[in-house]
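Novice: Kindly generate the corresponding structure for this input.
(one chain, ligands or ions: 1)
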Amino acid sequence: MLDPKARVIMISGANRGIGLAIARCLHFKGYTLSLGVRDPAKLDGVFADAHATTLSIHHYDAEVPETGTRWIQDTVSQNGRLDGLVNNAGMYKTVTLQGEAGKDDEPDLDALWSVNVKGPLYLTRAAFPHLKASKQGRVINIASLSGKRVVGNSLGYGLTKFAVMGLTHQIRHDGWEHGIRASAVCPSFVSSDMATGITDMDTAEMTQPEDIAELVATLIALPNTAAVPEITVNWRNEGIY
Ligand SMILES: NC(=O)c1ccc[n+]([C@@H]2O[C@H](COP(=O)([O-])OP(=O)(O)OC[C@H]3O[C@@H](n4cnc5c(N)ncnc54)[C@H](OP(=O)(O)O)[C@@H]3O)[C@@H](O)[C@H]2O)c1
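Specialist: So this is what the prediction gives:
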């Protein structure tokens, strides 16, 4: 396993839900963290025990790509290196195949694409030279089982998560010889604001954010010789997933 103390990891959307759980978990394990969030004030006091040299909070809005470029530049200039990027920030909007009478769903499709696909793509592109320099760079994309199979009626979200799977495999392909390993984490429902906005199923029954965080921590710690392209995670029996 790689030593957390020597590694700098960026996490997008780290102020709540799965992203916050990943940040707490990696902070506990001793990584140096750079958190990218739309509103840094939302993390006021949350990491009160952290030293400024091991945790920094930055403005990042996936719909404003310059904020991602600046976040990466600031992270590297503060820490001198970058070893991992967790593309967690994401959004859900309902866009169905047959559409909704009288509704123009183009703005929702564009927003989904900007946040869920272009966000991770642009961050990874800007991070790539630094991850290469690390020789043990990691990109963890929080995808979804909605990027692996189709259930229900969420075409718009599903399209973006299938795209994230393609992005993950492209990163894995292009980064391999430079020691970069890319993984897609593909859960079904995880107890978070996103899930409660979609379903009224009992959140206590769902996968918990802390469990996804442990998986991410393992993926980041594994050596180059133990690459894991995809992990599927479920709280209910869905055949092979
Ligand atoms: N919950 C599930 O059931 C589930 C299942 C599979 C995969 N996922 C994926 O897991 C990831 C995290 O989701 P979650 O469940 O933790 O959802 P969540 O509780 O709704 O949190 C979403 C996070 O993404 C951030 N975000 C949204 N739009 C953004 C933007 N334009 N720029 C930067 N950050 C933005 C949010 O920031 P604000 O607080 O500023 O809005 C928040 O930090 C997502 O990629 C999601 O698709 C979730």
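Novice: now the helices for this structure?
Specialist: With DSSP state H as the criterion, the chain has helices at 17-29, 65-79, 106-112, 119-134, 155-175, 193-198, 209-221.
Novice: closest one to residue 241 among those?
Specialist: helix 155-175 (13.1 Å; CB to CB). Using the backbone N, CA and C atoms, a C-beta is placed for each residue, glycine as well.
Novice: In that closest one, which of the residues would be classed as buried?
Specialist: By neighbour count on 16 or more other CB atoms under 10 Å, the buried set for helix 155-175 is 155-165, 167-168, 171-172, 175.
Novice: ok and it relative to helix 119-134, angle-wise?
Specialist: Computed by axes from the mean of the first three to the mean of the last three CA atoms, to 10 degrees, the angle separating helix 155-175 from helix 119-134 equals 20 degrees.
Novice: Quick one: mean pLDDT for helix 155-175?
Specialist: Helix 155-175 shows a mean pLDDT of 98.
Novice: how far does that helix sit from the chain's center?
Specialist: 12 Å (CA atoms, centre = their mean, to the nearest Å).
Novice: Now tabulate the helices of the chain in a markdown table and tack on distance to the ligand.
Specialist: Formatted as a markdown table, the helices of the chain follow (distance: least, CB to the nearest ligand atom, whole Å):
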| stretch | distance to the ligand |
| --- | --- |
| helix 17-29 | 2 |
| helix 65-79 | 8 |
| helix 106-112 | 8 |
| helix 119-134 | 6 |
| helix 155-175 | 7 |
| helix 193-198 | 3 |
| helix 209-221 | 7 |
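Novice: Just name the most buried of those.
Specialist: Mean neighbour counts were taken over the helices of the chain using mean count of other CB atoms under 10 Å, and the top value, a mean of 23, falls to helix 17-29.
Novice: Could you figure out how far that one is turned away from helix 209-221?
Specialist: Here the directions of helix 17-29 and helix 209-221 differ by 60 degrees (the same axes, to 10 degrees).
Novice: Let me see the residues that make contact with helix 17-29.
Specialist: 4, 9, 11-14, 33, 35, 46-47, 50, 54-55, 86, 88-89, 142, 190, 192-194, 208-210, 212-214, 216-217, 220-221 (CB atoms under 8 Å, 6 or more residues apart in numbering).
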